[in-house]
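> next input, structure requested:
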Amino acid sequence: MVVVADDAALPREKGITGARGVAGTVFVHKVAGALASAGHDLDTVVQGAKCTANAVKTLGVALEAVTVPGASIRNDRLDGADIVEIGMGIHGEPGMKQTSMMQSKEFAKIMVDTVRDFGRLSDEDGHTVLPLFEKGDVVSYLESSSVGCS
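Sure thing, here's the model as predicted:
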């Protein structure tokens, strides 16, 4: 089994909620799929997926709280005029903090510092942070639920 726990929002010691899989699962699936498509055996696919899962760290910013499809009440935790949450879980679980809206460069600094300091990526080891975009790309809205609106 491969466990993806890329969320840098919560300390690992926080128990099960400190080991959430979020956007990094995309990288793990891509690596596993590429290895399987290339004809590698299951052990090699699992080894590649585990290696990727151990290396990837992510952190997001939520402008709205997610309401899980089928929930009896709407999650209105971020309905304040100017409130965002750094590190919210994909099902609306609390992240590392709520804050007022700020400039994108301020969010970027918090996010890069948090991911860098989380313990898996460090300059001393020669690792780099791999963004999910390239220079010149446009940032787009990404829906966190594949079966309903949030």
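
> name the residue most distant from the centre of this structure?
What lies farthest from the middle of the chain is G39; by CA atoms, centre = their mean that is 28.8 Å.

> which stretches of this structure form helices?
24-37, 42-55, 104-117 (DSSP state H).

> same list (those helices) but as JSON lines, adding mean neighbour count and distance to G87.
To be clear about C-beta, it is placed using only N, CA and C from the backbone, and glycine gets the same treatment. Shown next, in JSON lines, are those (neighbours: other CB atoms under 10 Å; distance: least, CB to CB, whole Å):
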{"stretch": "helix 24-37", "mean neighbour count": "16", "distance to G87": "13"}
{"stretch": "helix 42-55", "mean neighbour count": "16", "distance to G87": "18"}
{"stretch": "helix 104-117", "mean neighbour count": "14", "distance to G87": "8"}
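
> select, out of those helices, the one closest to E64.
Each of those has some distance to E64 by CB to CB; the shortest is helix 104-117, at 15.4 Å.

> kindly export that closest one (C-alpha atoms) in PDB.
Coordinates of each C-alpha in helix 104-117 appear next as PDB, following Å, rounded to 0.1, in the frame of the first residue of the first chain:
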ATOM      1  CA  SER A 104      -0.200  36.900  -3.700                       C
ATOM      2  CA  LYS A 105       3.500  37.400  -3.000                       C
ATOM      3  CA  GLU A 106       2.700  37.300   0.800                       C
ATOM      4  CA  PHE A 107       0.800  34.000   0.300                       C
ATOM      5  CA  ALA A 108       3.700  32.600  -1.800                       C
ATOM      6  CA  LYS A 109       6.200  33.400   0.900                       C
ATOM      7  CA  ILE A 110       4.100  31.700   3.600                       C
ATOM      8  CA  MET A 111       3.500  28.700   1.300                       C
ATOM      9  CA  VAL A 112       7.100  28.200   0.200                       C
ATOM     10  CA  ASP A 113       8.500  28.700   3.700                       C
ATOM     11  CA  THR A 114       6.000  26.200   5.100                       C
ATOM     12  CA  VAL A 115       6.700  23.500   2.500                       C
ATOM     13  CA  ARG A 116      10.500  24.100   2.700                       C
ATOM     14  CA  ASP A 117      10.500  23.900   6.500                       C
END
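
> distance between that helix and the chain's centre?
Chain-centre distance of helix 104-117: 13 Å, with CA atoms, centre = their mean, to the nearest Å.
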